[in-house]
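Colleague: sequence unknown, structure follows:
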C-alpha cells in the first residue's frame, strides 16, 4: 500500500474519531441534562407529594375540628333543651304547689275550728240527752237511723284524719317547692338533707312494692352538715338523676334474678352525708345493683352514653350532673363500681361559696 493511501486512511479515521468524540460529548451533555431534569422532576414530585400529605393532614384536622364542633353544638343544644325542660318542670311544680297550697291552708286553718265546733255540738247533744232522756217517736227513729253513738265516735276521728291528711299535703307542697327552687338564681346556703328528702318524696312511688317487684329500701345516714352554698335547684336535679338511675338498675337486677335471689339480697339504696375536710361536704348514693365494668364506667359521664333501652333515657342525665357538680360548683363527681358489687356515686362540693 502506498504512503498516500495510509495518510488518507489515517485522516479519515481521525475525522471519524473526532466525530465520535463530538457525538459522545453531546450524548454525555444530553445525559447530564436528562439526569438534571429527572432530579428536578423527582424533587418537584416529592414537593407536590409532601404538600399533598400536608394538605390532607390539614383537611383531616379541619374535618375533625368541624365534627367535634358539630358534636359539641348538638350536645349543648340538647343540654339546653334538657335544662329548659327542668326549668319548665320546676316552674310547673312550683305553680302547682302554689295553687294547691292556698286551698290546703284554708282547709288546714279551719279544720281545728270545725273540730272544736263539732265537739261543742256533740257536748250540747249529750247535755240535752241527759236533761231530756224521754223524746218522741220521730226523734227516736231518727237517732236509730243515723246511729248516733257511732256518729259521735266517728265524727271526731274523721276530722282528725282530715287534719292529718291536710298536714301531709302541706308537707308535700313544701317538699315540691323545696325541690323546684325556681326563685333561686344565685348560690344560697341551703340544707342539703332537705333537697335529698324532697327528691326521695318525688320518686317514692318508684320505690314502692309493685307486682313482681318488692319495695326498694332507702337507708339515710345523714351526718352533721352545715348549710351549703349552692344552686339548690341544680343540686336537686343531680340527686334526682342519680337516684332515678339507681332505681332503674335495681329494677333491672330484679327482672334478671329469681325470687329467692331477690329475697336473699333485697334491693336498697344507701345515702351517706359527711364533712370530708374543713370546707368540703360529701354525699354518697350507693345501690346494690348489677354494677358495671371498667369500659362502661369510663364512659358513664359522656354525653348521650346510656346502657338503658331505647326510649328509656337520653344519656344526658349523668353528663348534666357532672357539669353541674364540677363546672357550676367546682366540685367532684366520681363513680365507683364493679360487676356484682353495685354502684356508688360520690359528690363532693365546697361548703362555702367558691366565687364561681
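Modeller: Received, thanks. Only a predicted model underlies this, so the values are computations on that prediction, with no experimental measurement involved.

Colleague: Residue 173 is in contact with residue 104, correct?
Modeller: Yes - applying Cβ atoms under 8 Å, one finds residue 104 in contact with residue 173, separated by 6.5 Å. In short, each C-beta sits where N, CA and C put it, glycine included.

Colleague: what's downstream of the helix ranked longest in the chain, the next helix or strand?
Modeller: In the chain, taking DSSP state H as the definition, the longest helix is helix 3-131. Along the chain past helix 3-131, the next helix or strand (assigned with DSSP states H and E) turns out to be helix 137-146.

Colleague: for the following helix or strand past that next one, packing partners?
Modeller: Heading C-terminal from helix 137-146, the first helix or strand you meet, by DSSP H and E, is helix 148-180. When contacts are defined as 3 or more Cβ pairs under 8 Å, 6 or more residues apart in numbering; DSSP states H and E, helix 148-180 sits against helix 3-131, helix 192-202, helix 232-256.

Colleague: same thing but 6 Å
Modeller: helix 3-131, helix 192-202 (3 or more Cβ pairs under 6 Å, 6 or more residues apart in numbering; DSSP states H and E).

Colleague: Heading C-terminal from it, find the next helix or strand.
Modeller: Assigned by DSSP H and E, the successor of helix 148-180 is strand 188-190.

Colleague: Who does that following strand pair with, and is each partner parallel or antiparallel?
Modeller: strand 228-230 (antiparallel) (DSSP bridges).

Colleague: for the chain, which residue is closest to the average position?
Modeller: residue 317 (2.0 Å; Cα atoms, centre = their mean).

Colleague: Not counting sequence-adjacent ones, nearest residue to that residue?
Modeller: Of all residues not flanking residue 317 in the chain, residue 241 sits nearest, at 3.9 Å (Cβ to Cβ, 6 or more residues apart in numbering).

Colleague: What about that neighbour, how many residues nearby?
Modeller: Using other Cβ atoms under 10 Å, residue 241 has 21 neighbouring residues.

Colleague: Check residue 25 and give its pLDDT.
Modeller: In this model, residue 25 is scored at 77, pLDDT.

Colleague: how near is it to residue 53?
Modeller: Residue 25 is 42 Å from residue 53, where distance means Cβ to Cβ, to the nearest Å.

Colleague: Residue 30 too?
Modeller: In this view, residue 30 and residue 53 are 34 Å apart by Cβ to Cβ.

Colleague: Ok, residue 144 next?
Modeller: 106 Å.

Colleague: okay but the residue nearest to residue 317 is in contact with residue 321, surely?
Modeller: Yes - using Cβ atoms under 6 Å, residue 241 is in contact with residue 321, at 4.8 Å.

Colleague: buried stuff in stretch 109-122?
Modeller: Buried residues in stretch 109-122, counted by 16 or more other Cβ atoms under 10 Å: 111, 115, 122.

Colleague: what's it in contact with?
Modeller: Identification of contacts with stretch 109-122 by Cβ atoms under 6 Å, 6 or more residues apart in numbering yields 152, 155, 159, 162-163.

Colleague: Highest neighbour count among the residues you listed?
Modeller: For the contacts of stretch 109-122, neighbours tallied by other Cβ under 10 Å; top is residue 159, 18 neighbours.

Colleague: And the pLDDT for the nearest residue to that one once chain neighbours are set aside?
Modeller: Spatial nearest neighbour of residue 159, excluding adjacent residues (Cβ to Cβ, 6+ apart): residue 115 at 4.6 Å. With respect to pLDDT, residue 115 scores 85.

Colleague: Distance check, residue 115 against residue 121.
Modeller: 11 Å.

Colleague: same deal with residue 274?
Modeller: 55 Å.

Colleague: same question, residue 267
Modeller: For residue 267, the distance to residue 121 - Cβ to Cβ - is 51 Å.

Colleague: since we're on the closest residue to residue 268 other than its chain neighbours, how many residues are nearby?
Modeller: Using Cβ to Cβ, 6+ apart and skipping the chain neighbours, the partner closest in space to residue 268 is residue 217 (4.3 Å). Per other Cβ under 10 Å, the neighbour tally for residue 217 reads 12.

Colleague: Next: residue 268.
Modeller: 18.

Colleague: Quick check on it: phi, psi?
Modeller: When quoted as degrees, to the nearest 10, the phi and psi of residue 268 stand at phi -150, psi 160.

Colleague: can I assume it is in contact with residue 214?
Modeller: No - taking contacts as Cβ under 6 Å, residue 268 lies outside contact range of residue 214: 10.4 Å.

Colleague: quick one: average confidence on the helix or strand containing residue 275?
Modeller: Residue 275 is located in strand 268-277, with elements delineated by DSSP H and E. In this model, strand 268-277 has an average pLDDT of 93.
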